[in-house]
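K.L.:
what shape does this take:
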Amino acid sequence: MFRLPVLVFLTLAIAFGGGAWSASWMLKATSGFGAIELGAWSAYPEIQTASADPFARAHRAGDGRILLGRAEGLVFTADTDGTGAALSGRCAYEISGTTPPARFWTLRVADAGGTPVEAKPRFPDSLNSWTTLRRTDGSFSIRLNAAPEPGNWIRLDAPGAVSFILTLIDTPTAASANIADLDMPEIARIGCRDA
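P.N.:
Now for the predicted structure:
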């Protein structure tokens, strides 16, 4: 007698619950389509434009952050090093090379959820184009680890996975047609404290 209503209820619960779960998972899993990947770095140049796909718009609305428009800049994120290994807050890294042309850029560390990782007081948790020491050819080398080092250094001492966020402000790169030909800084793992 109650077999049919129970089966209908169970079917509807699985359908609606599975649909809500899959939509939530998809919105958390990606910032949309149209990612540009340059080595370990990836960016979504269309995420703030009118031509953004529905997933990017939903992600942007749910995230609650103000994003840069295409003419304002471009945000690159790295979740892996140059070998493809996931970035860890318990490891030391070196980011070296050059950035694409930009009026100003910043480099910071974020946790797996995208929240900036704050360093202890008086320790740098980010660097920018004005404070980074450069070689005569314009390239730079930035160390990220827990122990202070001379030169360009960002304190990195966090549990779990991290990501590096490179933000280019007022860059012609965002509107460039050949954005895939840009030179991005290399990320090399130096070592890990847990290994």
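K.L.:
kindly list the longest helix within this protein.
P.N.:
Ranked by residue count and defined by DSSP state H, the top helix of the chain is helix 3-29.
K.L.:
who does that helix touch, helix- and strand-wise?
P.N.:
Applying 3 or more C-beta pairs under 8 Å, 6 or more residues apart in numbering; DSSP states H and E, we find helix 3-29 packed against helix 54-63. C-beta here means a position set from N, CA and C on the backbone, and glycine is covered the same way.
K.L.:
tell me the mean pLDDT over the helix it packs on?
P.N.:
Averaged across helix 54-63, pLDDT comes to 55.
K.L.:
mind checking the pLDDT average for the following helix or strand past the longest helix of the chain?
P.N.:
Using DSSP states H and E, the helix or strand that follows helix 3-29 in sequence is strand 36-38. Here strand 36-38 scores 75 as its mean pLDDT.
K.L.:
and stretch 128-136, by the same measure?
P.N.:
Stretch 128-136 comes out at a mean pLDDT of 92.
K.L.:
show me which residues of that stretch are buried.
P.N.:
129, 132 (16 or more other C-beta atoms under 10 Å).
K.L.:
for it, the distance to its chain's centre please.
P.N.:
22 Å (C-alpha atoms, centre = their mean, to the nearest Å).
K.L.:
show me what that stretch is in contact with.
P.N.:
For stretch 128-136, contacts defined as C-beta atoms under 8 Å, 6 or more residues apart in numbering pick out 99, 102, 104-107, 140-142, 151-152.
K.L.:
can I get those residues in JSON lines with secondary structure and pLDDT?
P.N.:
What follows is the contacts of stretch 128-136, written out as JSON lines (DSSP: H, G, I helix; E, B strand; the rest coil; pLDDT from 0 to 100):
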{"residue": "99", "secondary structure": "coil", "pLDDT": "87"}
{"residue": "102", "secondary structure": "coil", "pLDDT": "83"}
{"residue": "104", "secondary structure": "strand", "pLDDT": "90"}
{"residue": "105", "secondary structure": "strand", "pLDDT": "91"}
{"residue": "106", "secondary structure": "strand", "pLDDT": "92"}
{"residue": "107", "secondary structure": "strand", "pLDDT": "94"}
{"residue": "140", "secondary structure": "strand", "pLDDT": "94"}
{"residue": "141", "secondary structure": "strand", "pLDDT": "95"}
{"residue": "142", "secondary structure": "strand", "pLDDT": "95"}
{"residue": "151", "secondary structure": "coil", "pLDDT": "90"}
{"residue": "152", "secondary structure": "coil", "pLDDT": "94"}
